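Engineer: the sequence isn't on hand, but the structure is:
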């Protein structure tokens, strides 16, 4: 929606941590933005993203005209856009950090159990202390691991940047075997969360999300109030009833990190407020 003269287009951000708060309009540039998302040598990642994003305007025009499948380049651009938003997300960053932390914990346990004597000798050489119990050995093992090149790359952001680029390329190759579904609502509008691209499995009335791409039925991405992209078995335009729109919007609310964004005149605030109360407890309190 256009804002006051000269202010450009605006959205309504809904803060899911404070659903009862008065929510104020913001420019589209101020929405869905994370500072220093790629902190190390971001030029490399940005070049990869730009390769996708420069192809998107023409593809979006084809979607709005109802002709997204007349050019295979449009299909490829939109499919790549879905993958891009899945990888370039707060969700992926959390998955990456959690995986690294689990690997670090396993490595500490392995070093303590398999190399206790080597740890004791190295601790004595470095500190002059004789370590005995597992707690002191674990603390010293963590100290050694923190000095490793992998952990230094993690702290600098280099490891995340290389991970996100590699994952994007791999997922783009996997997704290239899928076709594109362009979904529009009979009534109502789609909203967009700050983790907008989601893996989904639909089983009757049950909707699950967040599984690995290979285990999901589809990967979806809302691109505006009237259009959602989905990876499926064939290129097709679908119109879905309001009940299905609500189902997809609820998933956006539940999967969001903190915000969902909507057209200022969508009337979705009461729906989002109700859905926010059903979010996983850890997301309501973090």
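Structural biologist: Thanks, I have it. Small disclaimer: the values here were computed from a predicted structure and weren't measured. Residues are numbered from 1 along each chain as shown.

Engineer: show me which positions of the helix or strand harbouring residue 154 end up buried.
Structural biologist: Secondary structure assigned from DSSP states H and E places residue 154 in helix 149-156. For helix 149-156, burial by neighbour count (16 or more other Cβ atoms under 10 Å) applies to 151, 153-154. Placement of C-beta: from N, CA and C, glycine included.

Engineer: cool, and stretch 224-233?
Structural biologist: Within stretch 224-233, the residues that count as buried by 16+ other Cβ under 10 Å are 225, 227-232.

Engineer: CSV for those residues, including pLDDT, secondary structure and distance to residue 140?
Structural biologist: Putting those into CSV (pLDDT from 0 to 100; DSSP: H, G, I helix; E, B strand; the rest coil; distance: Cβ to Cβ, whole Å) gives the following:
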residue, pLDDT, secondary structure, distance to residue 140
225, 95, coil, 56
227, 97, strand, 56
228, 97, strand, 52
229, 97, strand, 51
230, 97, strand, 51
231, 96, strand, 48
232, 93, strand, 53
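
Engineer: looking at the residues you listed, which one is closest to residue 111?
Structural biologist: Relative to residue 111, the closest of the buried residues of stretch 224-233 is residue 231; by Cβ to Cβ it sits at 41.8 Å.

Engineer: and the residue most central in space within the chain, what are its phi and psi?
Structural biologist: Centroid-nearest residue in the chain: residue 89, 2.9 Å away (criterion: Cα atoms, centre = their mean). Residue 89 adopts backbone torsions of phi -140, psi 160, taken as degrees, to the nearest 10.

Engineer: swap in residue 209?
Structural biologist: Dihedral pair for residue 209: phi -140, psi 160, per degrees, to the nearest 10.

Engineer: got the residue ranges for the helices in the stretch 151-286 of the chain?
Structural biologist: Counting by DSSP state H, counting those that start in this stretch, the segments of the stretch 151-286 of the chain that form helices are 158-175, 242-255, 269-276, 281-285.

Engineer: okay, the ones you listed, which one's buried deepest?
Structural biologist: Most buried of these, by mean neighbour count (mean count of other Cβ atoms under 10 Å): helix 242-255, with a mean of 19.

Engineer: how big is the angle separating it from helix 269-276?
Structural biologist: For helix 242-255 against helix 269-276, the angle by axes from the mean of the first three to the mean of the last three Cα atoms, to 10 degrees is 60 degrees.

Engineer: for helix 242-255, packing partners?
Structural biologist: Where contact means 3 or more Cβ pairs under 8 Å, 6 or more residues apart in numbering; DSSP states H and E, helix 242-255 is packed against strand 179-185, strand 192-193, strand 198-203, strand 206-209, strand 218-224, helix 269-276.

Engineer: possible to save those as a markdown table with distance to residue 124 and mean pLDDT?
Structural biologist: Listed next are the helices and strands packed on helix 242-255 as a markdown table, based on distance: least, Cβ to Cβ, whole Å; pLDDT from 0 to 100:
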| stretch | distance to residue 124 | mean pLDDT |
| --- | --- | --- |
| strand 179-185 | 62 | 97 |
| strand 192-193 | 53 | 94 |
| strand 198-203 | 50 | 92 |
| strand 206-209 | 51 | 91 |
| strand 218-224 | 53 | 96 |
| helix 269-276 | 55 | 93 |
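
Engineer: most tightly surrounded among the ones you listed?
Structural biologist: strand 192-193 (a mean of 26).

Engineer: neighbouring contacts of that strand?
Structural biologist: 32, 222, 252-253, 255-257, 259-262 (Cβ atoms under 8 Å, 6 or more residues apart in numbering).

Engineer: can I get the helices and strands packed on helix 242-255 in a markdown table with distance to residue 62?
Structural biologist: Formatted as a markdown table, the helices and strands packed on helix 242-255 follow (distance: least, Cβ to Cβ, whole Å):
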| stretch | distance to residue 62 |
| --- | --- |
| strand 179-185 | 10 |
| strand 192-193 | 20 |
| strand 198-203 | 24 |
| strand 206-209 | 28 |
| strand 218-224 | 12 |
| helix 269-276 | 30 |
